[in-house]
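Colleague: Structure for this input, please:
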Amino acid sequence: MAREPKLQQRQVQRLTMTQEMQLSLQILQYDAVDLAAYLGREIEANPLMEFSGDGPPAPPKKDQNDPGQSAEGAIESPESVDKALYTTVFTNDCSGENAIKPQSDNSGFHETAPFPVSNAGGGLSPNFQKEKTLHDHIHDQLSLLVLEPKAGMIANYLADSLNRAGYLATPLEEVAEALGCTLEEVEGVLPALQELEPPGIFCRDLKECLKLQLQDKGLYGGCAKAVLDHLDLVAANDIQALKKLSGASGADLKSLIRAIHELDPKPGLCFEAAGPLQTLIPDIFVRKDKKGAWQVELNNDALPRLLINESYSTALKAKTLSKTETSYLKVCRTKAGWLQRALDQRAQTILKIAGAIVEHQVDFFENGVRHLRPFTYREIAEMTDFHESTVSRVVQNKYLSSSRGTFKLRYFFSSLLGGEDGTVTSAAAVKHRIRELIAAEHPPKALSDDKIAGRLKQEGITISRRTVMKYREAMRIPSSFERRQMKARFAPFT
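Modeller: Residues are numbered from 1 along each chain as shown. Here you go, the predicted model:
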């Protein structure tokens, strides 16, 4: 039977998300940095939008009058969220006498301290000094070397071939081919470069890096070559095998291994360590007020505020616009209104979910990690009347700052573990207890996973050895055998 195309009419039920809903969900999962970058791109593309004066800096625009002015036909900006909505207070059942009280309003919060300047006290003008990089440091030293023109060209090419760790990222054969010279000429320049500071740069592998640093300390001799040829035995602390290969005594061998452990395997990274620290931007502040109640506040400094440039909109409306220009202006107005409503909804959603987290985990803020309660997305979804997917978007890359430190919102969600006496414990609290037990163990006797499970059972936490191993590996803690090896390796040097 031949098939023929034909039309059929069906009635189906389907959920369709509007563009405004998609935009709201997209903005909801952004963190503060990504949100600022996204809004910056939108402002560049939309002439009707701009940041308000108390928000993040925006590119200046020529026509800026009173933002409160409105134009006929322009979209009215949605009412800004009432300031009271950004603050929620939960009274504590405890009397607050034994609660930890912050020393000041900013106690426990991660703030960026001002960087010291070299001309402090010498004047009021700030000192803007660029951080010196590894390549800057190398090129400063190259200018002091007396090299022939061809050798100088090779030296500059090799300096630009260094990676962040100070290693040569390009093989010497490729360098010779790129510069049109011989391999012997490149190898002839390399020894002079390997004498530059810091010791160990311009190396091609780990063995050469350690060799250069030992030569700088005057320790490369005797059994050093045999030891560097068998770094795997050094890592395993196999002293007996190293004795047979090097022919050195035990005292000399331990002294050399101690010196090797003190070397820097990535000498180039010392320049990055001196750079400014990148601090997290918390979205939520949690602190206690004078009455002992927990107060949840949004970080207003991290909340971008958008305005519709009404003066610019009026100027455009006063002109005779074509049909295409009118359509473009209408799209810009609509997108601006969507963004404002999405930002206000994002702020209220984050605040409501953060408030529910603090209300549920009040024991954590009072007494610490040991009192972290089990919490799931389904439970908070029932408390806040949000869908679980909305909760997942909110806690993604969002941070909460309190007197106990700065935590991801996702940190407060963990599975439930039951005890023999009917008590429940969160998986995060169990992980913290495992870390405490391992930190307190004696060096000769590292606790096995089975012994840790036994200790937890004595404390009323029923957990299997397999689960202990899973939690330990998730925290990147070595096994008991590896911990014993590590402690035995460093025992002779302490």
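
Colleague: Low-confidence regions, the stretch 51-200 of the chain specifically.
Modeller: 53-131 (pLDDT under 70).

Colleague: Quick one: residues contacting residue 447.
Modeller: Residues in contact with residue 447 (Cβ atoms under 8 Å, 6 or more residues apart in numbering) are 437, 438, 441, 455, 480. In short, each C-beta sits where N, CA and C put it, glycine included.

Colleague: okay if I get these as a markdown table plus neighbour count, secondary structure and distance to residue 284?
Modeller: Listed next are the contacts of residue 447 as a markdown table, based on neighbours: other Cβ atoms under 10 Å; DSSP: H, G, I helix; E, B strand; the rest coil; distance: Cβ to Cβ, whole Å:
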| residue | neighbour count | secondary structure | distance to residue 284 |
| --- | --- | --- | --- |
| 437 | 16 | helix | 31 |
| 438 | 17 | helix | 31 |
| 441 | 17 | coil | 36 |
| 455 | 14 | helix | 35 |
| 480 | 19 | helix | 39 |
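
Colleague: which one of those is nearest residue 32?
Modeller: residue 438 (34.9 Å; Cβ to Cβ).

Colleague: pLDDT averaged over whatever helix or strand residue 43 lives in - what is it?
Modeller: Secondary-structure element containing residue 43, defined by DSSP states H and E: helix 32-45. The average pLDDT for helix 32-45 rounds to 86.

Colleague: tell me which residues of that helix are tucked away?
Modeller: Residues 32, 35, 36, 39, 40, 43 are the ones in helix 32-45 that count as buried (16 or more other Cβ atoms under 10 Å).

Colleague: before we move on, what about stretch 199-207?
Modeller: 199, 200, 201, 202, 203, 206.

Colleague: any idea which of those residues is closest to residue 172?
Modeller: residue 202 (10.7 Å).

Colleague: hang on, the earlier thing: residues in contact with the helix holding residue 43?
Modeller: Residues external to helix 32-45 that are found in contact with it (Cβ under 8 Å, 6+ apart): 27, 30, 49-51, 56, 58-59, 281, 283, 299, 302, 304, 306, 335, 339, 397.

Colleague: Likewise for stretch 428-437?
Modeller: Residues contacting stretch 428-437 (Cβ under 8 Å, 6+ apart): 369-372, 411, 414, 417, 447, 452, 455-456, 459, 461, 463, 468, 471-472, 474-475, 477.

Colleague: Any idea how many residues pack against residue 13?
Modeller: Neighbours of residue 13 under the rule other Cβ atoms under 10 Å: 4.

Colleague: can I get the buried residues of helix 32-45 in JSON lines with distance to residue 136?
Modeller: Below are the buried residues of helix 32-45 laid out as JSON lines (distance: Cβ to Cβ, whole Å):
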{"residue": "32", "distance to residue 136": "32"}
{"residue": "35", "distance to residue 136": "34"}
{"residue": "36", "distance to residue 136": "30"}
{"residue": "39", "distance to residue 136": "35"}
{"residue": "40", "distance to residue 136": "30"}
{"residue": "43", "distance to residue 136": "35"}
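
Colleague: Tell me which two of those sit farthest apart.
Modeller: Using Cβ to Cβ, those span at most 16.3 Å, a distance reached by 32 and 43.

Colleague: before we move on, the earlier item: beyond the helix holding residue 43, next helix or strand please.
Modeller: Following helix 32-45 in sequence order, the next helix or strand is strand 49-51 (DSSP H and E).

Colleague: So what are the sheet partners of that next one and their directions?
Modeller: Sheet pairing of strand 49-51 (DSSP bridges) gives strand 306-308 (antiparallel).

Colleague: ok now the strand it pairs with, how far from the chain's centre?
Modeller: Computed by Cα atoms, centre = their mean, to the nearest Å, the chain-centroid distance of strand 306-308 equals 30 Å.

Colleague: domains for the chain, by residue range?
Modeller: The chain breaks down by automatic domain parsing into domains covering 19-83+282-410, 134-273, 414-493.

Colleague: As CSV, the ones you listed with distance to residue 5 would be great.
Modeller: Formatted as CSV, the domains of the chain follow (distance: least, Cβ to Cβ, whole Å):
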stretch, distance to residue 5
domain 19-83+282-410, 33
domain 134-273, 61
domain 414-493, 54
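
Colleague: Mind naming the longest helix for the protein?
Modeller: Longest helix in the chain, counting residues (DSSP state H): helix 323-360.

Colleague: now stretch 441-449: mean pLDDT?
Modeller: 78.

Colleague: make that stretch 288-303, sorry
Modeller: In this model, stretch 288-303 has an average pLDDT of 84.

Colleague: nearest spatial neighbour of the most centrally placed residue in the chain, skipping sequence neighbours?
Modeller: Nearest to the mean C-alpha position of the chain, by Cα atoms, centre = their mean, lies residue 280 at 7.4 Å. Nearest non-adjacent residue to residue 280, counting by Cβ to Cβ, 6 or more residues apart in numbering: residue 399, 5.4 Å away.

Colleague: Off-centre distance for the helix holding residue 43?
Modeller: Between the centre of helix 32-45 and the centre of its chain there are 20 Å (Cα atoms, centre = their mean).

Colleague: again, but for stretch 233-244
Modeller: For stretch 233-244 - counting by Cα atoms, centre = their mean - the centre lies 38 Å from the chain centre.
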